[in-house]
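**Q** next input, structure requested:
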Amino acid sequence: MSHTMGGIDPWTHLALAEIGEVVRYLRAQHGMSQRVMTERSGLSQSSVSRLENGLLPGLRLAWLARVFVGLHRDSGPFGARSWEVPSPAGWELLIQRFAVSGHLAERMRDAELKRAESINRLMQLQASRKARWSAREREFADKDH
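**A** Next comes the predicted model:
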């Protein structure tokens, strides 16, 4: 049975793009084409391309694991599935991207700061308008007496 997430929020889209950038970077670092990556991971070239472009919202963790394993295994003869590898180094790069000090966390913090600044500005504007209205009301009250 397939599970779907439904609608994907903007932060999840950004996270998928971050994962794609990591995969593309690692693949390029290993001097691999997408075609070679497909042979080593078992994913289609279309899936690898969509993953690298952050356009694979149905990404399964097992697929991502196969990509990282595929980066480190010898392709052997066509169709061989030699899955014996040490711990895939790609996980470390992903952890760095998504760690508390990582790129995505930094962007989320920046967005939250901008949001807080906007709210603060609105509150200041509201307080300023309220103070002006109070001053006008006192002015009118003084004229009436």
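
**Q** for the rest of this, base every contact and every neighbour count on C-alpha atoms.
**A** Fine.

**Q** where along the protein do the helices fall?
**A** For the chain, the helices defined by DSSP state H occupy 10-29, 34-41, 45-52, 61-72, 90-98, 103-144.

**Q** count of neighbours near E112?
**A** Using other CA atoms under 10 Å, E112 has 12 neighbouring residues.

**Q** how about it, what does it touch?
**A** Neighbour list for E112: empty [criterion: CA atoms under 8 Å, 6 or more residues apart in numbering].

**Q** tell me the angle the lowest-mean-pLDDT helix or strand in the chain makes with helix 61-72.
**A** Within the chain, no helix or strand scores below helix 90-98, which has a mean of 72 by mean pLDDT, DSSP states H and E. Interaxial angle, helix 90-98 versus helix 61-72 (axes from the mean of the first three to the mean of the last three CA atoms, to 10 degrees): 120 degrees.

**Q** buried residues in helix 90-98?
**A** 90, 93-94, 97-98 (16 or more other CA atoms under 10 Å).

**Q** I'd like those residues laid out as a markdown table, including distance to K130.
**A** Shown next, in a markdown table, are the buried residues of helix 90-98 (distance: CA to CA, whole Å):
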| residue | distance to K130 |
| --- | --- |
| G90 | 55 |
| L93 | 51 |
| L94 | 49 |
| R97 | 45 |
| F98 | 43 |
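
**Q** let me know the closest of these to F68.
**A** G90 (5.8 Å; CA to CA).

**Q** around A62, how many other residues sit close by?
**A** 9.
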